[in-house]
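# quick check, what structure comes out for this input:
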Amino acid sequence: MYFEVHARINLLFTVFMEASELFNFPDSIPFKEAFLSSASPWQWIASITLALEDLSGNKNDFKCPIGLEIEGPVFIHPSVKLPAFGSIRGPVYIAEDCDLRPGVFIRGNVIVGPGSVLGNSCEFKNCLLLENAKVPHFSYVGDSILGNNSHLGAGVICSNLRLDQAEVKVKDFLGKVHHTGLRKLGAFLGDDSEVGCNAVLNPGTILGRQSVVLPSVTHSGTVDHGQIVKR
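Numbers count the residues shown, from 1 in each chain. The predicted structure is shown next:
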């Protein structure tokens, strides 16, 4: 029995990557119950839709700038800085003290934590940005999760679709390959991670906490915590 129990424990540690290895889900975002720390990061992608299922919009509670289009259920905290033009299609939840900049395009199923920046000419779709995630210029973030205090330099692309459109597989920190069952899957940026300007993160990329991808690098696969990815 002793060896059977320990074999099961070892199996759990080798075949699963828990979201808690990458992110601390903050109490400031009111959907914590939908994002189990024991779930895999790619399971959190499906949780975005579930969390926003019953979202009530508040468009009538604030003055919408001319040129900013808002459709569907969209909740925006009154403290959010809104741009002169852009497009937001619900369901979308944007927490307090966020900065939305001109030309932002939010395509639905997006949750944004407090203090985050959604920058000029940036596109967001089916993604979760935790506290103080910064995406200030010309980026695409689709089917992805950006951790607390993560930052994308100008022009970073979180690619979410393989050229052959096959299922996206991911590797855990031990190098084991996991089937996600998803055809569209972007990147997972652990808390306090950084990506330099014009870098491309290929589908299924995982960056550990405090890791760095240098500018203009195209990267696939998993980066351990605190590591630097060069050319």
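
# show me the helices in the chain, by range?
With helices called from DSSP state H, the chain shows them at 2-15, 41-51.

# and those, which one is worst for confidence?
For the helices of the chain, mean pLDDT drops lowest on helix 2-15, to a mean of 36.

# give me the nearest residue to residue 133, chain neighbours excluded.
Nearest non-adjacent residue to residue 133, counting by Cβ to Cβ, 6 or more residues apart in numbering: residue 146, 4.1 Å away. Just so you know, the C-beta spots here come from the backbone N, C-alpha and C atoms, and that holds for glycine as well.

# other SSEs contacting the top strand by length along the chain?
Taking DSSP state E as the criterion, the chain has its longest strand at strand 177-182. Judged by 3 or more Cβ pairs under 8 Å, 6 or more residues apart in numbering; DSSP states H and E, the packing partners of strand 177-182 are helix 41-51, strand 168-171.

# show me what contacts the spatially most central residue of the chain?
Ranked by distance to the mean C-alpha position of the chain (Cα atoms, centre = their mean), the top residue is residue 145 at 1.7 Å. By Cβ atoms under 8 Å, 6 or more residues apart in numbering, the contact list for residue 145 reads 22, 23, 41, 44, 45, 127, 128, 129, 130, 187, 188, 189.

# need the helix or strand of this structure with the lowest average pLDDT.
helix 2-15 (a mean of 36; mean pLDDT, DSSP states H and E).

# quick check: the residue nearest to residue 133 touching residue 131?
No: contact criterion Cβ atoms under 8 Å: residue 146 and residue 131 do not qualify, at 10.1 Å.

# neighbour count: these two, which is higher?
Legend: neighbour count by other Cβ atoms under 10 Å for residue 146 and residue 131, higher for residue 146 (32 against 22).

# circling back: from the contacts of residue 145, pick the one nearest residue 119.
residue 129 (11.6 Å; Cβ to Cβ).

# check contacts around that closest one.
Applying Cβ under 8 Å, 6+ apart, the residues near residue 129 are 110, 111, 112, 113, 116, 118, 135, 141, 145, 146.

# give me the subset of those lying in strands.
Among these, DSSP E puts 110, 111, 112, 118, 135, 141, 145, 146 in strands.

# those into CSV, with extra columns for pLDDT and distance to residue 172?
What follows is the ones in strands among the contacts of residue 129, written out as CSV (pLDDT from 0 to 100; distance: Cβ to Cβ, whole Å):
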residue, pLDDT, distance to residue 172
110, 98, 26
111, 98, 24
112, 98, 27
118, 98, 30
135, 98, 26
141, 98, 22
145, 98, 16
146, 98, 19
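
# quick check: the farthest pair among those?
118 and 145 (14.8 Å).

# give me the contacts around stretch 158-173.
Here stretch 158-173 makes contact (Cβ under 8 Å, 6+ apart) with 15-17, 21, 42, 139-144, 152, 177-187, 200-206, 208, 221-222, 224.

# actually stretch 217-231, not the one I typed
If you take Cβ under 8 Å, 6+ apart as the criterion, stretch 217-231 is touched by 170-173, 175, 190, 196, 199-214, 216.

# Produce a ChimeraX select command limited to the buried residues of those residues.
Restricted to buried positions by 16 or more other Cβ atoms under 10 Å, the ChimeraX selection for the contacts of stretch 217-231 reads:
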select :170,171,172,190,196,199,200,201,202,203,204,205,206,207,208,209,210,211,212,213,214
